[in-house]
Every structure is written in C-alpha cells, then in structure tokens.
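Peer 1: predicted coordinates and the sequence they were generated for:
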Amino acid sequence: MNFPHRFSVLSWVVLAMVLSTGCSDKKEGAAAKTASQVVAKVNGTELTVHQLNSLAGGISVSSKEQAEKLRSQILERLIDQEILLQKAVEEKLDRDPNVMQAMESARRDVLARAYLDKKVSRPEKPADSAIADYYARNPALFKDRRFYNVEEIQVANIDAQGLAALQESLAAARSFDDVAAKLKAQDVFFQRNAATRFAEQFPMELLPRVHALRDGQATVVRAGQGAYVVRVISSQPAPLVEAAARPVIGQMLMNTERAEKLKAEVTRLREQAKVEYTGTMPAPPAKGEAAAVPPARADDAANLERGLKGLK
C-alpha cells in the first residue's frame with residue numbers, strides 16, 4: 001500500500017465541520033469533544049479526524065461540495081487501510097523480517113526528512129528580475145519552446161570506445177533502423193522508443209542539443225554510464241509568454257534554492273561525521289567527482305513539466 005506520509009487538503013473545511021459538531025453544545029464537556037474527533041470505527045478501532053487530515057492536507061479544492069466529496073473518499077480509503085492493517089497484524093505480518101525492514105526504512109526516511117524540514121527554511125519568493133532573467137536565459141523552454149515528435153535509443157552502459165563507435169554509426173546511418181541494427185550486431189543492450197514531448201520533458205542537460213536540431217536531424221550524448229540517441233522526426237512551435245510562465249519559474253527557482261540548501265546541509269553533516277567503508281562495498285567517488293547515474297530527468301525539468309501542465 002502506498003499511502004503518502006504527508007498531504008495538504010483544505011484542512012479548514014474538515015476542521016470546520018468537526019468544530020461545528022463539537023461546539024453545538026458546550027455543556028457536553030470534554031468527553032463529547034473527544035467523541036467528535038472520531039469519524040469511524042472499524043471492528044472497534046477508532047479512526048479520527050486527525051488521521052483524516054493527515055491524508056488530506058495540500059490537495060486543493062475549489063468548493064465546499066468538492067471538499068465534502070474528497071473527505072468521504074479519503075475516509076473510505078482510511079477504512080480500507082485499517083481493515084488491511086488489522087488483518088496484517090492478525091497474521092503477524094508485522095513480525096515478518098521483510099516487513100520490519102521496510103517499516104524501519106520508512107521510519108528512517110521520515111525522520112531524516114523531518115530533520116531537513118526543520119533545519120532548512122522555505123525560500124523567499126524570487127525577485128521579478130530573477131524570474132525575467134531565467135525566462136530570457138532559457139528560450140528553448142519559453143520563447144522558442146517547441147513540441148517534439150522524436151524517436152530515441154537509450155543505451156544503459158557504454159564505454160568511451162563504444163560511444164565513439166555509436167557516434168560514427170549515427171553519422172553514417174540512413175535511418176534509426178541502421179543504428180539499432182549496428183547495436184544489436186555488437187550485442188549492446190538498448191531500448192528504443194518513439195515519443196511526443198514538450199521541451200520541458202527532456203533532461204535539462206539534453207534540451208539545448210535537441211533544440212538545436214532541425215527536423216530529421218539526430219544527436220547522441222553521454223547519459224550517466226550510457227548514451228542517449230535522439231532524432232527529431234518533426235516539431236512545432238509552442239511558445240510561452242513571460243506572463244504565463246512567471247508563476248512556474250518562480251516556484252521552480254524556490255524549489256531549486258531549497259534543493260541546494262538541503263544538499264549543503266547534508267554535505268555539512270557528512271564533513272562532520274566519521275564515515276568508514278567496510279567489506280566489499282565499492283569505493284565512493286573522489287571529492288568533487290560526480291557519481292555516475294543512469295539517464296533521468298533533472299529536478300528543474302521535472303518541476304517545470306509539472307508546473308507547465310496547466311498552461312498547455
């Protein structure tokens with residue numbers, strides 16, 4: 001079961017309903033107030049409005065009617081969860097080594113995040129000049145933004161010699177079929193895909209290369225320990241004016257600033273901690289050397305993609 005550890009839903013709506021029930025008769029006393037917090041019982045186990053709110057905070061709705069509907073849906077989800085939880089305990093799954101390990105992992109993650117939330121404050125809203133500067137410096141995302149129809153090949157692992165050979169194959173190929181056939185003949189594992197994407201759905205480090213391509217052109221770039229080959233089949237303009245992009249850019253800059261602060265705090269703590277590597281674990285990367293990672297969208301691109309969805 002994947003239940004988020006923290007959401008955020010018009011808690012004031014739920015709380016208002018609870019308070020209106022609890023305050024209908026002030027003479028009922030503390031016992032009545034406590035009872036008003038119970039929203040359901042499952043085999044005698046009480047589910048409270050606090051549990052409801054913990055699953056509801058951060059999801060925004062536009063009306064009281066929607067809030068009521070959402071509250072009902074979350075309550076049913078909470079009831080299902082409690083039923084499953086009771087059965088799991090009944091069958092002693094809470095003592096299963098794998099379950100215990102997963103619970104401990106979740107506890108560690110929650111506590112680590114709680115520490116960072118406490119130590120790293122929310123960034124202030126960026127200045128208008130910073131937003132305008134980001135807009136101007138990233139035409140591929142905004143002013144000259146495009147919608148792409150592409151075909152791709154992703155290679156998970158390839159050395160420098162293999163990368164050079166792949167670049168040569170791409171330069172000599174008449175089609176993507178030729179490139180794929182060459183990789184297959186060399187027993188290189190790869191994934192091939194066709195997709196349609198907006199500019200922000202490409203990794204930020206790759207977007208300038210894709211943006212520079214004309215329809216029919218292709219390029220290959222290093223991606224972690226592998227390679228990424230992309231060919232633009234066709235594209236069309238999909239510009240965003242600065243006024244429409246400003247809220248998204250502002251939030252992205254705040255997210256980026258917070259991510260940098262979080263990283264700085266972890267780095268500071270690592271410098272103070274005594275870390276010893278034992279056993280057969282591989283040596284960590286040298287200081288200042290980035291660890292190799294598989295191809296993935298950068299955080300900035302992911303933030304922009306989420307923010308721009310409502311503007312398409």
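Peer 2: All right, it came through fine.
Peer 1: isn't residue 191 right up against residue 180?
Peer 2: No - contact criterion C-beta atoms under 8 Å: residue 191 and residue 180 do not qualify, at 10.2 Å. All C-beta atoms are positioned from the backbone trio N, CA, C, and that covers glycine.
Peer 1: the more surrounded of those two?
Peer 2: Remark: of residue 191 and residue 180, residue 180 carries more neighbours, 18 against 10, as counted by other C-beta atoms under 10 Å.
Peer 1: so who does residue 212 touch?
Peer 2: The contact partners of residue 212, by C-beta atoms under 8 Å, 6 or more residues apart in numbering, come to residue 219.
Peer 1: hmm, I was thinking of residue 228
Peer 2: Going by C-beta under 8 Å, 6+ apart, residue 228 touches 152-155, 206, 220-222, 295.
Peer 1: ok, then the element right after the one helix or strand it maps to?
Peer 2: According to DSSP states H and E, residue 228 maps onto strand 226-237. Per DSSP H and E, the first helix or strand lying C-terminal to strand 226-237 is helix 242-272.
Peer 1: which stretches of the stretch 151-300 of the chain have low pLDDT?
Peer 2: 282-300 (pLDDT under 70).
Peer 1: count the residues that sit near residue 80.
Peer 2: Counted with other C-beta under 10 Å, residue 80 comes out at 12.
Peer 1: circling back to that earlier point, between residue 191 and residue 180, which contacts overlap?
Peer 2: Common neighbours of residue 191 and residue 180, using C-beta under 8 Å, 6+ apart, are residue 153.
Peer 1: please enumerate the strands of the stretch 1-150 of the chain.
Peer 2: 38-42, 45-48, 146-155 (DSSP state E, counting those that start in this stretch).
Peer 1: and of the contacts of residue 228, the nearest to residue 99?
Peer 2: residue 295 (32.7 Å; C-beta to C-beta).
Peer 1: tell me which residues of stretch 75-87 are tucked away?
Peer 2: 75, 78, 81-82 (16 or more other C-beta atoms under 10 Å).
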